[in-house]
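Q: All I have is the shape, not the residue letters:
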């Protein structure tokens, strides 16, 4: 028996739980607002599709003015290439024969495919795979304080750029960074220094790509960046509210959950466990915010249960069988758990989309 | 282009990463060891399939001597019913018309289906759905210290048992608990007290089901329990080693990951992010154990990156492009992220199984 997803026209109040739902009106507003801000900044906008993994939403983002998309896996990019997206930045270091062979096939069918590198080892693999007949676009990833991947100095970025330029099958197109939140000044200094050095060597560096939803509306603080990448902004979540990047009215995703047990006066149990909310805390001390239940805290998750501590809740908590709505700490990882995503307008289901790039492993 | 899962015969050293792999020999040993222990205890064994979600593995567990399976969702149970499993305990409180209707269909085709209840509201829903022509088996869930669901006292358990007995469509079959780790004494006291009370009222209570992998090999400390439920033991993980329930040689699941960046002397980055390892800490301060790299700690995860702190690592960490093997903190949640699972014997792929019950929402 197949899984009973709700049909368009169904009131969301009738959907069995746990189930995330997306508000179409808020989604549209979130897309438009970010695009307008970046248009006003004079920057390109490249949404990161990790948040939704749904080709129809990528098309909405592009129709709204985005200049392409950002992926992190080859097989994820393939899903969007299949859907006709022709400008894809793969912000990942591709290594090993199987992935390189598959990347080559992808480059043959995407008009503008770009990857990143932060080491000679990665560039060597790319250089041995691609040739001048169909070169691959490559950016140098720079660590501007995010302490994940990336070269540590502008000088190292320049050296790798020269190394890319020397490879006939590769085209150096610029610099990419995933900065630490609040790191605008560091990003600007790094990019400006590297650009100056590249200019001195006569190496064009047309694209400088920065990113992150937590600093989306601070992109104007990095004048050297030509492009911004962000994912979470499309749905928004509790971490985005905390970061001051959206308000409570901008939360497109909520998770419907049912009160399934009331074992004690100070405890309720919901059917939204870590397989619905994920265990991502992102610095919070509880696992999501229950709307309209101030002081009620989801203090424990097991896979199919959320334990709610009602000690600090003074109102009447919903009864057994009643449905609550939860704002997740982190929306992207919730998308990754569900095969389909339910959309609604004013509480009535509008569509159910396959989360088509879910389950793509590399 | 479909996802390129490895074929049987492929050396696991050639599998692109990130990818969890299961060692067949360890899997077989884990199944046999738990079964023998519970056989020796004189208890039934009911594996929880949440850990693997694969019908072929449930059949291995039953062939090994298990008396049925444990699920937590109706649609998950359906997958195993489709595979011919005819004794299913659904340790969940089923509420609402859509789920009750679906539960009724399931009960019509599973020889022995059992659910749990810890409130009159849940029993009322069940009682209104089932009738004496095809009654549903119901157990009372007891909170013996686990502080999740369950009635708080033996007296409350007895009252709910009477309430179930009074419903013509329901058959009271016993008591179920998911205890706190280390809570054997509390479980025994609770069960023995409730059994005594039920006996005094002439209510048979043939099944007393306790559970949990962290206390699997302490099941003999609860003589009143007739059955034990456990899931994680089949693959095992870092939390099971810490709990003293298995050794390093009993870890059937490891996750293959590639070193994709070496941005600084004290930092490496792997391609196994929270979408491979999950962010479940389970009390650890890092996100999994890298085999053969003592002192190297996965201190940060983003969705597609694991940041490894090498400060405490004195050896030579694998180079860019090399593959490491990671023991996850929690194996069940890893299974939930992958559409298929790769098995191997002595490092050569034996089979690739659909994680058939992944993505079942309720």
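A: Looks like it came in fine. None of the values given here were measured: they were computed from a predicted structure. Numbers count the residues shown, from 1 in each chain, chains lettered A, B, ... in the order given.
Q: any weak-confidence spans in chain A?
A: Where chain A drops to pLDDT under 70, the residues are A:1-3.
Q: What are the boundaries of the helices in it?
A: A:24-41, A:55-63, A:74-82, A:97-109, A:120-129, A:154-165, A:184-200, A:238-242, A:274-277, A:331-335 (DSSP state H).
Q: Tell me which other helices or strands the first one touches.
A: Spelled out, that is helix A:24-41. Applying 3 or more CB pairs under 8 Å, 6 or more residues apart in numbering or on different chains; DSSP states H and E, one finds that helix A:24-41 contacts strand A:44-47, helix A:55-63, strand A:227-230, strand A:340-345. (Each C-beta comes from the backbone N, C-alpha and C, glycine too.)
Q: So which of these is nearest chain B?
A: Chain B lies closest, by CB to the nearest CB, to one member of these: strand A:340-345, at 8.6 Å.
Q: and the closest one, what other elements does it pack with?
A: strand A:19-23, helix A:24-41, strand A:348-354.
Q: got the angle for the lengthiest strand in chain A vs strand A:19-23?
A: Longest strand in chain A by number of residues (criterion: DSSP state E): strand A:253-264. Angle of strand A:253-264 versus strand A:19-23, following axes from the mean of the first three to the mean of the last three CA atoms, to 10 degrees, is 140 degrees.
Q: Mind splitting chain A into its structural domains?
A: A:12-20+A:246-354, A:24-235 (automatic domain parsing).
Q: re earlier: give me the sheet partners of the longest strand of chain A and which way each runs.
A: strand A:19-23 (antiparallel), strand A:267-270 (antiparallel), strand A:323-327 (antiparallel) (DSSP bridges).
Q: Identify the residues contacting the second one?
A: Residues outside strand A:267-270 that contact it (CB atoms under 8 Å, 6 or more residues apart in numbering or on different chains): A:18, A:257-263, A:296, A:298, A:305-310, A:317-318, A:324, A:326, B:147-149.
Q: Repeat that for the last one.
A: Strand A:323-327 is touched from outside by A:13, A:17, A:237-238, A:241, A:251, A:253-259, A:270, A:272, A:277, A:288-293, A:298, A:318, with contacts defined as CB under 8 Å, 6+ apart.
Q: Please repeat the previous calculation with a cut-off of 7 Å.
A: Applying CB atoms under 7 Å, 6 or more residues apart in numbering or on different chains, the set of residues contacting strand A:323-327 from outside is A:13, A:17, A:237-238, A:251, A:254-259, A:270, A:272, A:277, A:288-291, A:293, A:318.
Q: Please list only the buried members of the residues you listed.
A: Applying 16 or more other CB atoms under 10 Å in any protein chain shown to the contacts of strand A:323-327, the neighbour count classes A:17, A:237-238, A:251, A:254-259, A:270, A:272, A:277, A:288-290, A:293, A:318 as buried.
Q: JSON lines please, covering the helices of chain A and showing distance to residue A:361.
A: Shown next, in JSON lines, are the helices of chain A (distance: least, CB to CB, whole Å):
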{"stretch": "helix A:24-41", "distance to residue A:361": "27"}
{"stretch": "helix A:55-63", "distance to residue A:361": "19"}
{"stretch": "helix A:74-82", "distance to residue A:361": "7"}
{"stretch": "helix A:97-109", "distance to residue A:361": "11"}
{"stretch": "helix A:120-129", "distance to residue A:361": "19"}
{"stretch": "helix A:154-165", "distance to residue A:361": "28"}
{"stretch": "helix A:184-200", "distance to residue A:361": "31"}
{"stretch": "helix A:238-242", "distance to residue A:361": "26"}
{"stretch": "helix A:274-277", "distance to residue A:361": "19"}
{"stretch": "helix A:331-335", "distance to residue A:361": "16"}
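Q: Which of the ones you listed sits closest to residue B:172?
A: With CB to CB as the measure, helix A:274-277 is the member of the helices of chain A nearest residue B:172 (29.7 Å).
Q: That closest one: how far from the chain's middle?
A: 18 Å (CA atoms, centre = their mean, to the nearest Å).
Q: Tell me who's in contact with the residue nearest to residue A:249 when sequence neighbours are not counted.
A: Leaving out its chain neighbours, the residue that sits closest to residue A:249 by CB to CB, 6 or more residues apart in numbering or on different chains is residue A:26, at 7.3 Å. Residues near residue A:26 by CB under 7 Å, 6+ apart: A:250-252.
Q: ok, 8 Å please
A: A:236, A:249-252.
Q: Can you tell me which of those is closest to residue A:52?
A: Lowest distance from residue A:52 to the contacts of residue A:26 (CB to CB) belongs to residue A:252, with 9.9 Å.
Q: Residue A:23 is in contact with that closest one, correct?
A: Yes. At 4.9 Å, residue A:252 counts as touching residue A:23 under the criterion of CB atoms under 8 Å.
Q: Tell me how many other residues crowd residue A:24.
A: Residues lying near residue A:24 (other CB atoms under 10 Å in any protein chain shown) number 16.
Q: Ok, the one 10 residues further on next?
A: Using other CB under 10 Å, residue A:34 is surrounded by 26 other residues.
Q: so what's it closest to, chain neighbours aside?
A: residue A:233 (4.9 Å).
Q: quick one: that neighbour and residue A:214 touch, right?
A: No. Counting by CB under 8 Å, residue A:233 stays clear of residue A:214, with 9.7 Å between them.
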